Structures are given as structure tokens and as C-alpha cells.
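**Q** Here you go, sequence then predicted model.
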Amino acid sequence: MRGPPVAVAVLLLAACSCGPLGGADGGGGGAPGGGGDAAVPLGELCAGGIQTTSHLACSAGDPPCHLTCGPLKSGFRNCTCGGETWGCEDGCRFDPTHDYGCFALPPSPAACPPSADDPDPSGMNLAQSGDSCSLPPCTPCGSATENAFRDSTGTPKPGFCVCSGAAMPTYSCATVAAWPPPAAR
């Protein structure tokens, strides 16, 4: 059973000088595959259980909501009730009125150093999203073409990571498709 939408989470970007991520209306924008023309998140943060396009049951009167995506949860995916089931748009979208400079990729990003507190069981020495890190803030690492990090399930993926949090920095990683596009930076 789905409860009411949860209040929007506060984004913690303490160690990143990415600028404001709260925003106003703007024109279209987002990563390839981000459907629709909405450039801002719809409604509140979706309640637990609504994942990607999981098609969970809903009621026709349920208001639209959004999921977070991308590094440091800087992007969003809008979800609407299609009468009986939830559907969320593909891709990760980024509000063009926000500053995503923290995620600007250098011409040749360095590989992410693996975390010492979670050895990679695959032997690929990949960082894992959520593990501790020691890179300077706003220093993306990774690869667009090679496995560069492990997601929360431990699956290796191409993409990029940044260190987040000032007191105990951790990797925040995203696939290439969920990384803010150059037009958003």
C-alpha cells in the first residue's frame, strides 16, 4: 500500500560549491531520454516503494511526485499515476536554472581510488557509491566507457563519482546517463 508523498529531502552539498539546487521554473533540459518538457520536479518526493518504472498500484487522484537521481541527488525523474499504476519518466533530468559546476568533467577524468573500507569483491578495485573517499570536493573521477564504480548493489558500471560531505566524505556516483549534461553545467 502506498502512503502520501514524503516531504522533499534536503540536499546535503556541504563539501561542494555547486550553487543553489532549489529553483524556479525554466525551459526544458535534462539528460538524453528524460521525457516530457518539465524542467522542474513535479510534486513532492515520491513515497517509498516507487522505484524507476516499477508500476506500483496507485489511485487516479494521486498527485504527481518525483524521484531523485544523479550525483548528490541533484537530478530528478517525474512520476505520475496512470490511473492504476505509477509510471516514471526515463532518464535523469536537471533543472537548467541550477548550477551544476561541481560536476564538470575534466577532459580526461582520473580513475576513482577504491575505498579502503570496502574492498571490491570483483577484484576490479572500483570505488562503491556510499563508501568513504578522500578526493577534494567537486573533483569528478571515473570513465564514460569503462567500469568506474560499483552501484549500491555492487554492480560495476561506467560513470563518474564525486566526494560529498565535509565531515566524513563519501562517494556519490552516477552512470553517464544520470550525470548532469554539459548544457546544465
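**A** Perfect, thanks for sending it.
**Q** From what I see, residue 89 and residue 78 are in contact.
**A** Yes - counting by Cβ atoms under 8 Å, residue 89 does reach residue 78; the two are 5.3 Å apart. C-beta coordinates here come from the backbone N, C-alpha and C atoms, glycine included.
**Q** who's residue 44 bridged to?
**A** Beta bridges link residue 44 to residue 65, judged by DSSP bridges.
**Q** What about it, how many residues nearby?
**A** 16 (other Cβ atoms under 10 Å).
**Q** Check it and give its pLDDT.
**A** Looking at residue 44, its pLDDT is 90.
**Q** Now do the strands in the protein.
**A** With DSSP state E applied, the chain shows strands at 44-45, 65-69, 75-81, 86-88, 127-128, 141-150, 156-164, 170-174, listed in chain order.
**Q** next one: the last one to chain centre, how far?
**A** Centroid separation for strand 170-174 versus its chain: 9 Å, with Cα atoms, centre = their mean, to the nearest Å.
**Q** can you check the longest one too?
**A** Relative to its chain's centre, strand 141-150 lies at 15 Å (Cα atoms, centre = their mean).
**Q** I'd like the average pLDDT over that strand.
**A** Mean pLDDT, strand 141-150: 95.
**Q** Can I get it in PDB? Just the C-alpha atoms.
**A** The C-alpha coordinates for strand 141-150 follow below in PDB (Å, rounded to 0.1, in the frame of the first residue of the first chain):
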ATOM      1  CA  CYS A 141      36.600  10.800 -11.300                       C
ATOM      2  CA  GLY A 142      35.600   7.800 -13.400                       C
ATOM      3  CA  SER A 143      35.100   6.800 -17.000                       C
ATOM      4  CA  ALA A 144      32.300   7.100 -19.600                       C
ATOM      5  CA  THR A 145      33.300   3.900 -21.300                       C
ATOM      6  CA  GLU A 146      34.900   1.600 -18.700                       C
ATOM      7  CA  ASN A 147      33.600   0.200 -15.400                       C
ATOM      8  CA  ALA A 148      34.400   3.000 -13.000                       C
ATOM      9  CA  PHE A 149      32.300   2.400  -9.800                       C
ATOM     10  CA  ARG A 150      30.000  -0.100  -8.100                       C
END
